[in-house]
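>>> Task: produce atomic coordinates for the following.
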Amino acid sequence: VISVHRIQNQHLWRRYFLERQFVAQKNAGRANEMELFHGTRQTDPIEIFNGEEGFDMRYSNQGRWGIGIYFASKAHYSVHYAYSIVAGQNGVKQLLLSRVATGSAYSCLQGDATLRRPPQKFPQSNSPVSRISFSADFHDSVVGVSGSTQIYTVYSNSKAYPSYLITLQ
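Numbers count the residues shown, from 1 in each chain. So this is what the prediction gives:
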């Protein structure tokens, strides 16, 4: 690790803070906030943490859990998706450590590339039913496993806040 820089973007923080409160309200007071790693591939991380949208679903590629924003529980997994400061070289890379409101996470170990949002909750499932009355209540994220790493996918830009920029070699 070369450096770790704390990110402060008040606009993105406010959006995340409100989303985290909403997730907690619909899940019996639990937002299930986690600190997770995110590699930005070819996107310079500054475009995310200094941008108006932050994480942006419009630039997401389809993956094992559909089109969403992917986060890993272990840094070594995200390093494979880290942004290279000098393109094409195995030198200095950057990744983000983010706060993610995972809320009620739907377990999808096999993956489902067709996902565009988390599946609907059903009363017979073990997930708590929302305290807010919706016509349909959906999970807040999807969780799966790749190797020994838990992968969380969110389908909303405001469910994650980039907290730290990690530069490593």
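>>> Which secondary structure elements does the helix or strand bottoming out on mean pLDDT in the chain sit against?
Within the chain, no helix or strand scores below strand 62-63, which has a mean of 90 by mean pLDDT, DSSP states H and E. Where contact means 3 or more CB pairs under 8 Å, 6 or more residues apart in numbering; DSSP states H and E, strand 62-63 is not packed against any helix or strand. Backbone N, C-alpha and C define where each C-beta goes, glycine included.
>>> chain center to the helix or strand following it, what's the gap?
Sequence-wise, the next helix or strand beyond strand 62-63 is strand 66-67, with elements assigned using DSSP states H and E. Taking the mean of its C-alpha atoms, strand 66-67 sits 12 Å from the chain's own mean (CA atoms, centre = their mean, to the nearest Å).
>>> Stretch 96-112 now?
Its chain's average C-alpha position is 7 Å from that of stretch 96-112, according to CA atoms, centre = their mean.
>>> Over to it now: how far is its first residue from its last?
From the first residue to the last, stretch 96-112 extends over 25 Å; the measure is CA to CA, to the nearest Å.
>>> And the residue nearest to Ile85 when sequence neighbours are not counted, how close does it get to Val23?
In this structure, Ile85 finds its nearest non-sequential neighbour in Val92, 4.4 Å apart by CB to CB, 6 or more residues apart in numbering. Per CB to CB, to the nearest Å, Val92 is found 35 Å from Val23.
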